[in-house]
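Engineer: Curious how this folds, go ahead:
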Amino acid sequence: MERWRKGDWTLIEPKTFEAGRLRKLHGYLGAVSQVDHAVGQMIGFLERSGLCQNTIVIYTSDHGDYAAEHDIMEKAPGICADAITRIPMIWSWPDHFQSGHASQQLVESVDVSISLCQLADIEPLETSDGKNISHLLQGQEQAVREIAVTEFAWSKSIHKGQYRLVIYPRAMFPETEGFGELYDLDADPWEMNNLYFEPNSIDLVRVMEKDLLEWLVTTTRPATVHGVEIKSSHQTQRRNKYTTNLDGKVHPDQLGHVRTKNYL
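Structural biologist: Sure thing, here's the model as predicted:
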């Protein structure tokens, strides 16, 4: 925030921070209106063409809004805000989904492909990390996952329950002895109070760090000649008496069945 307030990043007059921030928001909201208009045109076409009942529409994005929160004009550094990790995920399929239902479960972008395969009754991608969330779209609330993870090259964010933890390597903030972020999203939805360094948060940080470490280990896709006995299909290949997917890797759900884990 201090860097943005001091930096000469505005291109036109007045070159004050506040004027530049408002111009940025002006352009941002204009882009929102443009997208809203385009989506409306598409929905209108589906309705006029009689295709609406047979079309699944998903409104989503690559990251959250981040409209100059915390007086930072860009979404850097990394994924440092819930405004980045929380994305729109609106599904529509008339007479198939529960209209107006807003699920409180944790889902991820990787869930889209596997869920579309399920809903369209086509063969799912065997190496997809996604989870099927079709039951949430139909109004049910069974949990899909305990944690949700957002990855950036030099940071990882984990969302669990009401808390969100961000882990950075020390080189990300070399002027410190180590920096992290922990927020209670129920009590502090705008993330104004970083609990990471609070003595009462030590145990929670350690638990969530362990959750993240376990996720990093178990979602790794090791290539191995020691595959598992999975059902053969056009997505698999046979090598050295074992069946693996075509890329030679093993799905994380199957790792526990690999007989020679030391050779992964």
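
Engineer: Helices of the stretch 101-250 of the chain, start to end?
Structural biologist: Per DSSP state H, counting those that start in this stretch, the stretch 101-250 of the chain carries helices over the ranges 111-119, 134-137, 202-218.

Engineer: Of those, which is nearest residue 46?
Structural biologist: Residue 46 lies closest, by CB to CB, to one member of those: helix 111-119, at 16.6 Å. C-beta coordinates here come from the backbone N, C-alpha and C atoms, glycine included.

Engineer: List the buried residues in that closest one.
Structural biologist: 111, 112, 114, 115, 116, 117, 119 (16 or more other CB atoms under 10 Å).

Engineer: Let me know the pLDDT of residue 127.
Structural biologist: As predicted, residue 127 sits at a pLDDT of 78.

Engineer: The closest residue to it other than its chain neighbours and residue 126: what is the separation?
Structural biologist: Leaving aside its chain neighbours, residue 127 sits nearest to residue 245 (5.2 Å; criterion: CB to CB, 6 or more residues apart in numbering). To residue 126, residue 245 is 6 Å away according to CB to CB, to the nearest Å.

Engineer: How about residue 52?
Structural biologist: Separation of residue 52 from residue 126 (CB to CB): 32 Å.

Engineer: which residues does residue 179 contact?
Structural biologist: 168, 172, 173, 196 (CB atoms under 8 Å, 6 or more residues apart in numbering).

Engineer: And the pLDDT at it?
Structural biologist: 90.

Engineer: how close does it get to residue 127?
Structural biologist: To residue 127, residue 179 is 35 Å away according to CB to CB.

Engineer: follow-up on the earlier one: got CSV for the helices of the stretch 101-250 of the chain, with distance to residue 85 and mean pLDDT too?
Structural biologist: CSV is the format used below for the helices of the stretch 101-250 of the chain (distance: least, CB to CB, whole Å; pLDDT from 0 to 100):
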stretch, distance to residue 85, mean pLDDT
helix 111-119, 15, 95
helix 134-137, 18, 96
helix 202-218, 13, 95
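
Engineer: of all these, which lies closest to residue 83?
Structural biologist: Using CB to CB as the measure, helix 202-218 is the one of those that comes nearest residue 83, at 19.7 Å.

Engineer: related to what we said a few turns ago, comparing residue 245 and residue 126, which shows the higher neighbour count?
Structural biologist: For residue 245 versus residue 126, the count of surrounding residues by other CB atoms under 10 Å is larger for residue 245: 20 against 15.

Engineer: give me the beta-bridge partners of that one?
Structural biologist: residue 236 (DSSP bridges).

Engineer: Just list the residues touching it, thanks.
Structural biologist: 126, 127, 235, 236, 237, 251.

Engineer: one more time with 7 Å
Structural biologist: Shown in contact with residue 245 (CB atoms under 7 Å, 6 or more residues apart in numbering): 126, 127, 235, 236.

Engineer: wait, which of those residues is closest to residue 201?
Structural biologist: residue 127 (36.7 Å).

Engineer: hmm, back to that, export the helices of the stretch 101-250 of the chain to JSON lines and append columns for distance to residue 185.
Structural biologist: Listed next are the helices of the stretch 101-250 of the chain as JSON lines, based on distance: least, CB to CB, whole Å:
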{"stretch": "helix 111-119", "distance to residue 185": "20"}
{"stretch": "helix 134-137", "distance to residue 185": "19"}
{"stretch": "helix 202-218", "distance to residue 185": "13"}
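
Engineer: closest one to residue 155 among the ones you listed?
Structural biologist: helix 202-218 (11.0 Å).

Engineer: Off-centre distance for that closest one?
Structural biologist: 17 Å (CA atoms, centre = their mean, to the nearest Å).

Engineer: and it, what does it pack onto?
Structural biologist: Where contact means 3 or more CB pairs under 7 Å, 6 or more residues apart in numbering; DSSP states H and E, helix 202-218 is packed against strand 147-152, strand 155-160, strand 163-167.

Engineer: and those, which is most packed in?
Structural biologist: strand 163-167 (a mean of 22; mean count of other CB atoms under 10 Å).

Engineer: Which neighbouring elements make contact with that strand?
Structural biologist: Secondary-structure packing of strand 163-167 (3+ CB pairs under 7 Å, 6+ apart): strand 155-160, strand 180-184, helix 202-218.
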